[in-house]
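Undergrad: one predicted model, sequence on top.
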Amino acid sequence: MQYEQIVLRYGDLTMKGRNRNRFEKRMIDQVRRALAGFDGISYFKAYGRLYVKLNGQPYEPVADRLKDLFGITSLSPVISSEADLAKIQAAALELMRAIPVQPATFKVSAKRAWKGYPHTSQEMNHLVGGHVLRGLPGLKVDVRNPEVELRVDIQEEAVYLFHEVIPAAGGFPYGSNGKALLLLSGGIDSPVAGWMALRKGLELEAVHFHSYPFTSEQAKEKVVELAKRLSYFSGEPIKLHLVPFTDIQTRLAQSNNDNLIITLMRRAMLRITEELAARSGAGGIVTGESLGQVASQTLPSMNVIGRSAELPLLKPLIMMDKQEIIDIAMRIGTYDTSILPYEDCCTLFLPKSPTTNPNLKIVEKVESLIPDYEALLAAAADGTEAVMLSPDTATAAQAAGEDSWF
Ligand code: ATP
Ligand code: MG
C-alpha cells in the first residue's frame, strides 16, 4: 500500500479570527517552498487543513520536512476512498494490513463531517470495524486503550483513512507576527531563542558581533552554521549581519572599568542592533538571555542593559532552566555546533569579577566620557556586512574566499 496524501492540520490558526486567511496563505506558501525539492507534489486546501498529494513520492521524507515547519500542529499520511461503504471498508482493511507490526487491538473512530453521507459516525464505527475484524481474525476491539486507532474522516470531496497522527512544531507560519532581529552568539542559548521566535511566526534577521582578528575564522563559521540551521526551520534564507566590534571593545577596555565591561558591551550591542533594526524595519530584538545564568543576566544587569534600547526586548528563554534549553538545542540540531570550543568576542574581554548589580548613573557617565562614542557606534553599524544564508549555502570560506567578509 502506498499513502496518497499527507493531511496537515493547523489548529493554532483557528484562534486568529479575521487574520485567518492571511495566516493560511502564509502557511501554504511556506509548505510549497519547503517542498520545492520534491517532484510532482500538488496541494488541496480544505477548511483548517491542507492536503499534500504525494503523487507516488514516499511519504516519510516529505513528512519529515513538514513536521519541522511552524504553523502546523500535526500531520497524518492518509489514503482516500470514494464515499461508498464497500470501498471504505476495503480501504480500511488495506490500511490495517499495511501496518508493519500488526497490533493486537484497535478501534475505529469515524467522523462524518459531510452530513450528506447516509451512515452516522457510530454506524460507521461498527460497519468498518466489523469488516476489518472479519479480514484480520486475530485482531480485537478495545475502545478504551487501542493499540491502533483507525480514523475515518468523511468529507464531501472524499473519505480519508489514517491511523498515525504525527505531532508537528506548532506555532505560527514564518513572518506572520512581524520582524525582529536575533542577537546570535555562538553559544547554546541564542539559537534556541531564535528557533522559539521563529515558531511564534517572527521573521528573523540575525546579528552577530565579532572581534576579528581577535576572534577566529572558525568562530564566524560556527555562527554561520547556526544561522543556516535556523533558516532550515523557516524555509527561507536568513540574513546574517556581521558587526565589527573590535574597536568598540578595545575602547571600552581602555576606559578601565573592568567589572562594568560586559554591561557596557551589551549596551553597545543593543544600540547598534537598534540602528540595524531601524534600517531593516524590524520591530523587536530577540536575545538568548535566561534569568540568573551569568552576571549580565541578573535583574539589575538586565535593567541597566535594557535601558540602552527602546525596542521591545524579546527573551524567550528568560524563565527556562539550562537543561531545558539544552534539550531543545539537541532536538533542533544546534547543540553540537554550539559547543564547538571557539572563543566569542565577549569571552575574550571577560573580566575576573563582572558586576551583577551595575549602577545606571555610573554606566552612563563612563559612556559619556568615551571620546566620540556615538561616532564609534555609528561606524560599527555602517561597517556591518550582511550575508544571506540557506541550509545548502556553501561554507562561508568556500563561498567568499579567505577572510573576505571581514
Ligand atoms: P548564548 O549561549 O546565546 O551565547 P549565554 O548564556 O552565553 O548565551 P551571554 O554570552 O551573556 O549568554 O549572552 C547573552 C545574549 O546576548 C546571547 O544569548 C545573545 O543573544 C547575545 N549575544 C552575546 N554575545 C553575542 C555576540 N557576539 N553577537 C551577538 N549576540 C550576542
Ligand atoms: Mg554566550
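TA: Ah, there it is. Ligands and ions are numbered 1, 2, ... in the order given.
Undergrad: and for Thr263, the neighbour number?
TA: 28 (other C-beta atoms under 10 Å). C-beta: built from backbone N, CA, C; applies to glycine.
Undergrad: who's in contact with it?
TA: Ser296, Ser301, Val304, Ile305, Pro354, Thr355, Pro358, Val363 (C-beta atoms under 8 Å, 6 or more residues apart in numbering).
Undergrad: how about His163, what does it touch?
TA: Contacts of His163 by C-beta under 8 Å, 6+ apart are Leu95, Met96, Ile99, Val148, Glu149, Leu150, Arg151.
Undergrad: the fifth one falls within a helix, correct?
TA: Spelled out, that is Glu149. No. Read with DSSP: H, G, I helix; E, B strand; the rest coil, Glu149 is strand and lies in no helix.
Undergrad: ok, it to ligand 2 distance?
TA: For Glu149, the distance to ligand 2 (C-beta to the ion, to the nearest Å) stands at 45 Å.
Undergrad: the second one now?
TA: Separation of Met96 from ligand 2 (C-beta to the ion): 52 Å.
Undergrad: nearest to ligand 1, of the contacts of Thr263?
TA: Distance to ligand 1 across the contacts of Thr263 (C-beta to the nearest ligand atom) is lowest for Ser296, with 4.9 Å.
Undergrad: can you pick out the most distant pair from the contacts of His163?
TA: Ile99 and Arg151 (13.5 Å; C-beta to C-beta).
Undergrad: the more surrounded of those two?
TA: Using other C-beta under 10 Å as the criterion, Ile99 and Arg151 rank with Arg151 on top: 20 against 16.
Undergrad: how about the contacts made by that one?
TA: Taking C-beta under 8 Å, 6+ apart, one finds Ser76, Val108, Ser109, Ala110, Lys111, Tyr160, Leu161, Phe162, His163 in contact with Arg151.
Undergrad: returning to that earlier point: tabulate the contacts of Thr263 (a markdown table), appending distance to Pro237.
TA: Putting the contacts of Thr263 into a markdown table (distance: C-beta to C-beta, whole Å) gives the following:
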| residue | distance to Pro237 |
| --- | --- |
| Ser296 | 31 |
| Ser301 | 34 |
| Val304 | 36 |
| Ile305 | 30 |
| Pro354 | 36 |
| Thr355 | 39 |
| Pro358 | 38 |
| Val363 | 37 |
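Undergrad: check contacts around the closest residue to ligand 2 within the stretch 301-406 of the chain.
TA: When distances are taken as C-beta to the ion, the stretch 301-406 of the chain reaches nearest to ligand 2 at Asp344, 5.4 Å away. Neighbouring residues of Asp344 by C-beta under 8 Å, 6+ apart: Ser185, Gly186, Gly187, Thr215, Ala219.
Undergrad: please identify which of the contacts of Arg151 is nearest to ligand 1.
TA: Nearest to ligand 1 among these, with distances taken as C-beta to the nearest ligand atom, is Ser76, at 35.9 Å.
Undergrad: just flag the most distant two among the contacts of Asp344.
TA: Gly187 and Thr215 (13.3 Å).
Undergrad: so for those two, which sits in the more crowded spot?
TA: Thr215 (23 against 19).
Undergrad: if I look at that one, how far off is Asp142?
TA: Separation of Thr215 from Asp142 (C-beta to C-beta, to the nearest Å): 60 Å.
Undergrad: one more: Ser190?
TA: On the measure of C-beta to C-beta, Ser190 and Asp142 end up 47 Å apart.
Undergrad: which one's more surrounded, the two?
TA: For Ser190 and Asp142, the more surrounded residue by other C-beta under 10 Å is Ser190, and the numbers stand at 25 against 15.
Undergrad: next, see if the host helix or strand of the more buried one gets close to ligand 2.
TA: Element membership for Ser190, per DSSP states H and E: helix 189-199. No. On the criterion C-beta under 5 Å from the ion, helix 189-199 is out of touch with ligand 2, staying 6.8 Å away.
Undergrad: let me see the mean pLDDT of that helix.
TA: Mean per-residue pLDDT for helix 189-199: 98.
Undergrad: let's verify Phe209: helix, strand, or coil?
TA: strand.
Undergrad: looking at strand pairing, list the partners for it.
TA: Val243 (DSSP bridges).
Undergrad: quick check, distance from the longest helix anywhere in the chain to the centre of its chain.
TA: Ranked by residue count, the top helix of the chain under DSSP state H comes out as helix 261-280. Helix 261-280 sits 24 Å away from the centroid of its parent chain (C-alpha atoms, centre = their mean, to the nearest Å).
Undergrad: quick check: Ala158 touching Ile79?
TA: No. Using C-beta atoms under 8 Å, Ala158 is not in contact with Ile79, being 9.9 Å away.
Undergrad: who are the contact partners of the one residue sitting closest to the centre of the chain?
TA: Centroid check for the chain by C-alpha atoms, centre = their mean gives Trp195 as the closest residue, at 3.8 Å. Listed by C-beta under 8 Å, 6+ apart, the contact set of Trp195 reads Leu230, Phe233, Ile328, Ile332, Thr334.
Undergrad: sweet, I'm off.
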